[in-house]
Structures are given as C-alpha cells and as structure tokens.
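Engineer: Structure of the sequence below:
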Amino acid sequence: MMYQADTQQEMPAIPVDAAEFARLHAAIKPRPEELRWTQIPWEVDLWEARRRAREAGKPIFMWAMNGNPLGCV
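Structural biologist: Numbering: from 1, shown residues only. Predicted structure coming up:
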C-alpha cells in the first residue's frame with residue numbers, strides 16, 4: 001500500500017509587519033562575501049576552458065551536476 005501526501009493543500013498566510021519583513025529579508029539576503037563566486041569569469045565551453053587553462057598554466061575546476069541545484073529533482 002502506498003501513501004501519497006496531499007501536496008495541493010494551501011498553507012494559510014501569516015501576516016508579517018514591515019519591520020519583521022525587513023528583519024527576515026536582511027537575514028536571508030546574501031552578504032557581499034557570499035557573492036564573490038559571481039565575480040569569477042566562469043567558462044561554459046569546456047574546450048575554451050581547456051585552452052585558457054593551458055595558456056595560464058592553471059588547472060580546471062569543473063562543476064557538473066544533474067537536476068536542480070537546490071536538490072529538488
């Protein structure tokens with residue numbers, strides 16, 4: 001026997017005042033040091049990355065994945 005959760009249930013809205021919203025927003029907003037990875041000139045073409053790495057004498061950092069980066073597959 002399989003059980004399937006009812007995923008269509010709506011969650012009740014919880015009112016949040018402006019001050020609480022601002023506090024929550026500040027808590028989840030990435031800090032500048034957490035965004036440094038966006039300053040890296042990422043290369044999406046593997047062959048171009050290999051060429052550039054060879055010219056610079058540096059290794060390649062390769063990130064490959066399948067699915068959603070949040071793990072929601």
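
Engineer: low-scoring pLDDT stretches of the protein, where are they?
Structural biologist: Within the chain, the ranges that satisfy pLDDT under 70 run 1-8, 72-73.

Engineer: now with 90?
Structural biologist: 1-16, 37, 40-42, 44, 61-73 (pLDDT under 90).

Engineer: And the helices in this protein?
Structural biologist: Using DSSP state H, the helices of the chain run over 18-28, 46-56.

Engineer: Make CSV from those and add mean neighbour count and distance to Asn68 to it.
Structural biologist: Placement of C-beta: from N, CA and C, glycine included. Below are the helices of the chain laid out as CSV (neighbours: other CB atoms under 10 Å; distance: least, CB to CB, whole Å):
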stretch, mean neighbour count, distance to Asn68
helix 18-28, 9, 19
helix 46-56, 11, 22
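
Engineer: For Arg36, which of those is the nearest?
Structural biologist: Nearest to Arg36 among those is helix 18-28 (18.0 Å), distances taken as CB to CB.

Engineer: about what we covered before: please name whichever of the helices of the chain is nearest to Gly67.
Structural biologist: Distance to Gly67, taken as CB to CB, is lowest for helix 46-56 among the helices of the chain, at 19.8 Å.

Engineer: I would like the residues contacting the closest one, please.
Structural biologist: If you take CB atoms under 8 Å, 6 or more residues apart in numbering as the criterion, helix 46-56 is touched by Glu43, Pro59, Ile60, Met62.

Engineer: roughly how far is it from the heart of the chain?
Structural biologist: Its chain's C-alpha centre and that of helix 46-56 lie 25 Å apart, by CA atoms, centre = their mean, to the nearest Å.

Engineer: circling back to that earlier point, as a markdown table, the helices of the chain with distance to Trp37 would be great.
Structural biologist: A markdown table is the format used below for the helices of the chain (distance: least, CB to CB, whole Å):
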| stretch | distance to Trp37 |
| --- | --- |
| helix 18-28 | 18 |
| helix 46-56 | 16 |
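
Engineer: Which among those helices is found nearest to Pro12?
Structural biologist: helix 18-28 (16.8 Å).
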